[in-house]
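*Asks:* Structure for this input, please:
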Amino acid sequence: MRKTQIAFFVYDVTRASTLDRLRMWADNLKSSEDISQIVIRVLCNKIDLLSERERLEIVRQGHEIARDLGSSCHEVSAKDGTGVCDIFDEALFEAHLRSAKSLDDLRKEREARVDVNSPGPKQANGCC
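*Replies:* Sure thing, here's the model as predicted:
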């Protein structure tokens, strides 16, 4: 992965094996990128299929992985849409804030530009 801005790690709360894959992907990202610059979200999917008691342990593990990544964990349901739009909007907004330049930075860039087509200042005397 190169120049990643947002990473969503999604696992199926009904299948514990997907949590192992999530850990593998998280380790892969940590070894190849500076994760402090990436908006990372761990998503626990299919929350609509488990009882509250069944869901607690597997969701807790998702929160541990998210904490290890310096991120947050969110419960979602792709089937009924619970939490999906909100988490995408929030991650996109955070990525935009991280990449947006300040007005001062933009002014400095504009002032530093040189117009190579302009003749430049005239010299009074001499060859140069």
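*Asks:* For the protein, which segments count as helices?
*Replies:* For the chain, the helices defined by DSSP state H cover 17-32, 52-68, 84-99, 103-112.
*Asks:* a markdown table please, covering the ones you listed and showing distance to E75 and mean pLDDT.
*Replies:* C-beta: built from backbone N, CA, C; applies to glycine. Formatted as a markdown table, the helices of the chain follow (distance: least, Cβ to Cβ, whole Å; pLDDT from 0 to 100):
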| stretch | distance to E75 | mean pLDDT |
| --- | --- | --- |
| helix 17-32 | 14 | 87 |
| helix 52-68 | 6 | 88 |
| helix 84-99 | 10 | 88 |
| helix 103-112 | 38 | 67 |
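*Asks:* Output those helices as JSON lines; include the columns mean neighbour count and distance to V10.
*Replies:* Shown next, in JSON lines, are the helices of the chain (neighbours: other Cβ atoms under 10 Å; distance: least, Cβ to Cβ, whole Å):
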{"stretch": "helix 17-32", "mean neighbour count": "14", "distance to V10": "8"}
{"stretch": "helix 52-68", "mean neighbour count": "15", "distance to V10": "10"}
{"stretch": "helix 84-99", "mean neighbour count": "13", "distance to V10": "10"}
{"stretch": "helix 103-112", "mean neighbour count": "9", "distance to V10": "35"}
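*Asks:* mind putting those helices in JSON lines, distance to I40 included?
*Replies:* As requested, the helices of the chain are exported to JSON lines (distance: least, Cβ to Cβ, whole Å):
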{"stretch": "helix 17-32", "distance to I40": "8"}
{"stretch": "helix 52-68", "distance to I40": "8"}
{"stretch": "helix 84-99", "distance to I40": "9"}
{"stretch": "helix 103-112", "distance to I40": "25"}
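*Asks:* Can you tell me which of these is nearest to F8?
*Replies:* Nearest to F8 among these is helix 84-99 (7.2 Å), distances taken as Cβ to Cβ.
*Asks:* Can you give the contact residues for that closest one?
*Replies:* 5-6, 8, 37, 39, 41, 43, 74, 76-78 (Cβ atoms under 8 Å, 6 or more residues apart in numbering).
*Asks:* Out of those, which comes closest to L22?
*Replies:* For those, the nearest to L22 is L43 (9.5 Å; Cβ to Cβ).
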